[in-house]
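# model the structure of this input:
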Amino acid sequence: MARYTGPKTKIARKFGEAIYGEDKSFEKRNFPPGQHGANRRRGKKSEYSIQLAEKQKAKYTYGILERQFANLFKKASSSKGITGEILLQLCESRLDNVVYRMGIAPTRSAARQLVSHRHITVNGELVNIPSYSLNAGDVVAVREKSKSLLAIENSLANRSDVYEWISWNSETKQGNFVSVPERLQIPENIKEQLIVELYSK
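Purely as a prediction, here's the structure:
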């Protein structure tokens with residue numbers, strides 16, 4: 001199962017923002033990595049370079065590798081509507097992302113691990129595929145045997161973000177994927193139009 005396992009702060013510094021969430025190391029050194037860091041004189045970036053960086057930022061943010069991301073774009077471009085918006089909606093509809101949004105896991109990589117290790121159910125059925133695509137109305141829950149897991153309890157205790165398109169019941173430890181989010185409801189700082197322009201070349 002392929003995923004990025006390298007240093008996360010280095011990636012955050014590359015893009016100039018904490019794309020993996022709160023990061024004390026990034027706050028101390030929020031300039032690009034490398035020998036010369038903040039002092040390096042960087043020439044004007046080409047249009048292609050800016051578009052590529054935006055695609056890479058989206059991939060790292062959602063924990064998706066190139067082939068999967070290209071497949072998502074293909075699916076988005078063949079759907080009716082604004083391609084860039086649909087691409088982000090497809091990313092947000094992934095099971096690992098929804099588990100993260102519900103607060104069951106503190107990060108997307110932790111959410112991916114919970115799904116892979118068979119701690120999550122969808123509509124009462126065990127699902128261990130992080131990229132599983134949810135539909136509006138699907139019920140996502142913590143498996144009965146896993147409800148007492150310390151990692152899940154700690155994450156839920158620190159849950160602060162609330163999203164209009166997700167409902168959550170703390171007592172039963174289950175939530176509802178109410179609807180596919182609109183672009184304005186997706187908090188990620190991603191310029192999806194640049195990704196569309198890159199793939200359209």
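# mind giving me the packing neighbours of the longest helix seen in the chain?
Longest helix of the chain, by residue count under DSSP state H: helix 47-62. Applying 3 or more Cβ pairs under 8 Å, 6 or more residues apart in numbering; DSSP states H and E, one finds that helix 47-62 contacts helix 8-15, helix 66-77, helix 83-92, helix 192-199. All C-beta atoms are positioned from the backbone trio N, CA, C, and that covers glycine.
# which one of the ones you listed lies closest to residue 168?
Between residue 168 and those, the shortest separation by Cβ to Cβ is 15.7 Å, and it involves helix 83-92.
# for that closest one, give me every contacting residue.
58, 62, 64, 72-73, 75-77, 79, 97-98, 101, 133, 180-181, 183, 186, 188, 190, 192-193, 195-196 (Cβ atoms under 8 Å, 6 or more residues apart in numbering).
# which of these count as buried?
58, 62, 64, 72-73, 76, 97-98, 101, 181, 186, 190, 192, 195-196 (16 or more other Cβ atoms under 10 Å).
# that older thread, need the helices and strands packed on helix 47-62 in a markdown table (columns: mean pLDDT).
Shown next, in a markdown table, are the helices and strands packed on helix 47-62 (pLDDT from 0 to 100):
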| stretch | mean pLDDT |
| --- | --- |
| helix 8-15 | 66 |
| helix 66-77 | 95 |
| helix 83-92 | 96 |
| helix 192-199 | 95 |
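# now, of the ones you listed, which is deepest in the fold?
helix 83-92 (a mean of 22; mean count of other Cβ atoms under 10 Å).
# between it and helix 66-77, how big is the angle?
130 degrees (axes from the mean of the first three to the mean of the last three Cα atoms, to 10 degrees).
# pLDDT on the longest helix of the chain, on average?
Helix 47-62 comes out with an average pLDDT of 92.
# picking that back up, with distance to residue 45 added, can I get the helices and strands packed on helix 47-62 in JSON lines?
Below are the helices and strands packed on helix 47-62 laid out as JSON lines (distance: least, Cβ to Cβ, whole Å):
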{"stretch": "helix 8-15", "distance to residue 45": "13"}
{"stretch": "helix 66-77", "distance to residue 45": "21"}
{"stretch": "helix 83-92", "distance to residue 45": "20"}
{"stretch": "helix 192-199", "distance to residue 45": "12"}
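# quick one, which of the ones you listed is nearest to residue 140?
helix 83-92 (13.1 Å).
# quick one: that closest one to helix 192-199, angle?
100 degrees.
# now do helix 83-92 against helix 47-62, angle only.
20 degrees.
# after helix 83-92 comes which helix or strand?
Next in sequence after helix 83-92, counting helices and strands by DSSP states H and E, comes helix 95-101.
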